[in-house]
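*Asks:* With the sequence up front, the predicted model follows.
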Amino acid sequence: MTRRWRMGRLEGKVALISGTGGGQGRAAALRFAREGAKVFGCDVDAAAQQETVALARAGGLEVAGGGSVDLGDAQAARAWVEEAVAAYGRIDILYNNASAARFGAVGDMSVDDWRWTIRNELDLVFYSTHYAWRHLAERGGVIVNISSVAAWGASGTTGIGAHSAAKAGVVALTRQLAVEGARHRIRAVSISPGVVATPGTRPFLDNPATRAALLAGVPVERAAEPEEIVAVALFAASDEASYLTGADIVVDGGMLSL
């Protein structure tokens, strides 16, 4: 029984994963494919996305999707979803991972930076979900949304108001999706990571001074590896989590415990 759960947990599933050009998204694409899923990814960085596809194919894994895709544009999100359906005929898992933020104190940041962050952290989750919804409803499925401990005010950091608001919106939207999706056999789960070692955070983690500041509020005194977040997403997306919906799973090394 244990062996069966560890191998091929997503066998035959079609998984759409956004932001697969690197970091958590690339880790998710490769792990989900290793678990038997047919993965259709995307990224704003077309070259990075193609690198992920090449890595997957070199390992005999099925990961597709190319070109630059800006999911903050509603029509681009629609086209991405429809391209996946045209290729595979259905959607079983939608993994909304892509995210980008601009930072600044509420009194100082520009309106454009606020709107840009909401667009690229909350709007894009809605767009992808909106256009995937009818396909998921045809046979049931799972939506996994990546939020952040910033949604829960865990960091005590100034200058992340737009980011915190957007990620809190992701958590609230996930709960609503769980309510609306239940009758269609759609489950929806959000995951709130803490500090994760990604290309974006690596320069700070590699510098002793900024590393200390970044990890000061993390009881386990280290950053998560992308694969550690993806492992939780894999469980949430698998049939093992068949009764899990509407929840936010915090994966933060104990930050919220302080």
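*Replies:* That came in fine, so what should we check first? As the structure is a prediction and not an experimental result, all values here were calculated from the model. Numbering: from 1, shown residues only.
*Asks:* wait, residue 82 sits on residue 131?
*Replies:* Yes - in this structure residue 82 lies within contact range of residue 131 using C-beta atoms under 8 Å: 7.3 Å. Heads up, the C-betas are built off the backbone N, CA and C, glycines and all.
*Asks:* Which one of these two is surrounded by more residues?
*Replies:* The neighbour comparison of residue 82 against residue 131 (other C-beta atoms under 10 Å) goes to residue 131, with 20 against 13.
*Asks:* Please settle this for me: is that one part of a strand?
*Replies:* No - Residue 131: not assigned to a strand; according to DSSP: H, G, I helix; E, B strand; the rest coil it is helix.
*Asks:* which residues touch it?
*Replies:* Residues near residue 131 by C-beta atoms under 8 Å, 6 or more residues apart in numbering: 77-78, 81-82.
*Asks:* which of these count as buried?
*Replies:* Among these, those classed as buried by neighbour count (16 or more other C-beta atoms under 10 Å) are 77-78, 81.
*Asks:* What helices and strands are in contact with the lengthiest strand in the chain?
*Replies:* In the chain, taking DSSP state E as the definition, the longest strand is strand 186-193. Packing contacts for strand 186-193, counted by 3 or more C-beta pairs under 8 Å, 6 or more residues apart in numbering; DSSP states H and E, involve helix 124-139, strand 141-146, helix 161-181, helix 226-237, strand 248-251.
*Asks:* Using PDB, write out every CA atom in whichever helix or strand comes after that strand.
*Replies:* Next in sequence after strand 186-193, counting helices and strands by DSSP states H and E, comes helix 202-206. The C-alpha coordinates for helix 202-206 follow below in PDB (Å, rounded to 0.1, in the frame of the first residue of the first chain):
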ATOM      1  CA  ARG A 202      18.900  32.800  -3.300                       C
ATOM      2  CA  PRO A 203      20.900  36.100  -3.500                       C
ATOM      3  CA  PHE A 204      19.600  37.000   0.000                       C
ATOM      4  CA  LEU A 205      20.100  33.500   1.400                       C
ATOM      5  CA  ASP A 206      23.700  33.400   0.100                       C
END
